[in-house]
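Asker: I'd like to go over a predicted model; first the sequence, then the structure.
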Amino acid sequence: MTKQETQIMKGVAILLMIFLHLFNQTRNVELCESFIYIGNMPFVYWLSAATSPVSFFLILSGYGMHFIHVKWKVKDTHKWSRIAKLYLHWWVILALFTIPSFVYNGNYYTNCSSVINNYTAFNTSWYAEGWFLFPFVCLSLLSPLLFKLTDKFRVGWVLPVSFLVGTCTSFIVSRYGAQYLYNNLWLYNPFLIVHLAPSFIFGAMLQRTGFIHKVQKKCNSKWLWLALGGTVIIMCLTRTAAWGPLYATTFIVLFLSAPRWLWIDKVLAHLGNHSMNMWLIHAWFCYYIFHDLVYSLRYPLVIFVTLVVVSLLCSYFVNAVCSFITIIYHRKCQNTK
C-alpha cells in the first residue's frame, strides 16, 4: 500500500465515520425523509452498520507504523512529533467548539478535572466521538513492543488470535461495559487498548505479508466491486462490531485492488489528508451545536454531503491556526538559541 493509497483509504474511512454518526441512531434517522426502506427501517440505517471506521483507521496506522518498524530498521524518531501534532489539532478544535457547545446546551460550568481529562483525551466528555484518541496514542507508543511480539510468530497464528481477542473484548463491552467499564476510566482505557489492538495488528500483518500488492498483481477486475458489495451486505445483516477488523481488512484489499476512476482517488486522497480534523470536527455540528439545523435538511444524501463539506472547510481553518501556532513556536525556539 503506497502513501497515496493510504490517504485514499483514510478518505473512505472518514466518509464512513460521518455516515455512521449521522444515521446509526433511529431517533436521528426518523428526522430524515428516506425513499428506500428495508422492513420498517430506512436503508441508510442498515447501511450504517457497514462502516466500522475505527477499524479502518487502526489498520491503516498499523500498516504504516509496521512499515517504519521493519523497512527502515531504525527507531521511529517522528513518533512524538506526530503525537504532538495530533494533540495540537485536538486542542485547537476544543478551543473553537467547546464554548459555542456549552452556550448552546446551557452548560456554563466545568471543573479543573474535566478540563484536564478532555485536553489529555483521557475522558472526552465534551466530545464523546473523541474516545478513540487516547487509546490510539497509547497504541502508537506501544507499537514497537507489539510488533516485536507479533514478529516472533507466524501470520497464520497472529491473525486468528488477534481476531479472537477482538471478538471476546467486543462481547465484554456489549454485555458488561455499562456495568463495569464505562464509569471506571482507569479500567476502561487500558481495556480499550486491548480491544483496539487486533485491528492495529491486522494492519501490521497486511504490511508484513504484502498481501494487498499480491492481490493487485493477480486481480484487477470489475468483479471485485461485486465482491465488495457482497461484503457490505453481509456486514449490514450481521450488524456486529466483532467483525470490524476482518470487514475493514477485506474492504481495504478489495477497494484498492478494484479499478477506480482517477478523479475519485483524488477526491478521497484530499479528504484523507483532512481526515484527522474531520473526525474531531464533524460531530460538533450533527450532535452538539447544530443538530436540528443539520437534520432539517431532511434528505440523507443532502445531510451527508453538507456535513462532509462543512467539516472539510472547518479543517482548512484549523490547519491554518495550527500552522500559525507552529510557526510562532519555532520562531521562539530559534530566538532562545
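Answerer: The structure has been received and is ready for your questions. Remember, it's a predicted structure, so these values are computed and weren't measured experimentally.

Asker: which residues touch stretch 182-200?
Answerer: If you take Cβ atoms under 8 Å, 6 or more residues apart in numbering as the criterion, stretch 182-200 is touched by 54-55, 58-59, 61-62, 117, 122-123, 131-132, 134-136, 138-139, 142-143, 146, 162-163, 165-166, 169-170, 172-173, 177, 180-181, 244-245, 248. Using the backbone N, CA and C atoms, a C-beta is placed for each residue, glycine as well.

Asker: now with 7 Å?
Answerer: 55, 58-59, 61-62, 122-123, 134-135, 138-139, 146, 162-163, 165-166, 169, 173, 181, 244-245, 248 (Cβ atoms under 7 Å, 6 or more residues apart in numbering).

Asker: what mean pLDDT does the helix or strand where F304 lies get?
Answerer: Following DSSP states H and E, the helix or strand that holds F304 is helix 300-336. The pLDDT scores in helix 300-336 average 91.

Asker: which positions within that helix qualify as buried?
Answerer: 300, 303-304, 306-308, 310-312, 314-315, 318-319, 322 (16 or more other Cβ atoms under 10 Å).

Asker: backbone dihedrals for L196, please?
Answerer: phi -90, psi -20 (degrees, to the nearest 10).

Asker: with P42 instead?
Answerer: The phi/psi pair for P42 (degrees, to the nearest 10) is phi -60, psi 150.

Asker: quick check, it in contact with E33.
Answerer: No - the pair formed by P42 and E33 falls short of the contact definition of Cβ atoms under 7 Å, at 9.2 Å.

Asker: same drill for these two, tell me which one is more crowded.
Answerer: Comparing P42 with E33 by other Cβ atoms under 10 Å, the one with more neighbours is P42, at 21 against 10.

Asker: any idea how far the more buried one is from L15?
Answerer: 18 Å (Cβ to Cβ, to the nearest Å).

Asker: can you pull out the strands in the stretch 1-150 of the chain?
Answerer: In the stretch 1-150 of the chain, the strands defined using DSSP state E, counting those that start in this stretch lie at 37-38, 41-42.

Asker: for H213, see how far away the residue nearest the centre of the chain is.
Answerer: The residue lying closest to the centre of the chain (Cα atoms, centre = their mean) is V54, at 3.8 Å. Look at V54 and H213: by Cβ to Cβ, they are 25 Å apart.

Asker: next: S81.
Answerer: Taking Cβ to Cβ, one finds S81 at 29 Å from H213.

Asker: before we move on, what about L271?
Answerer: Counting by Cβ to Cβ - L271 and H213 are separated by 24 Å.

Asker: when those two are compared, which one has more neighbours?
Answerer: Here L271 and H213 are compared on neighbour count by other Cβ under 10 Å; more neighbours surround L271, at 23 against 14.

Asker: thought F122 was touching L133?
Answerer: No - in this structure, F122 is not within contact of L133 by Cβ under 7 Å, at 9.3 Å.

Asker: which residue of the two possesses the greater neighbour count?
Answerer: Shown here are F122 and L133; by other Cβ under 10 Å, L133 has more neighbours (20 against 14).

Asker: what's the distance between the residue lying closest to the more buried one once chain neighbours are set aside and M65?
Answerer: Excluding its sequence neighbours, the residue lying closest to L133 (Cβ to Cβ, 6 or more residues apart in numbering) is A121, at 4.0 Å. Distance of A121 to M65, given as Cβ to Cβ: 19 Å.

Asker: quick check: A204 touching T150?
Answerer: Yes - under the criterion of Cβ under 7 Å, A204 makes contact with T150 at 6.4 Å.

Asker: same drill for these two, tell me which one is more crowded.
Answerer: Using other Cβ under 10 Å, the more surrounded residue of A204 and T150 is A204, with 28 against 23.

Asker: and the helix or strand where F251 lies, what does it pack onto?
Answerer: Per DSSP H and E: F251 is located in helix 244-257. On a contact count with 3 or more Cβ pairs under 7 Å, 6 or more residues apart in numbering; DSSP states H and E, helix 244-257 meets helix 3-23, helix 53-67, helix 155-176, helix 185-209, helix 211-218, helix 223-238.
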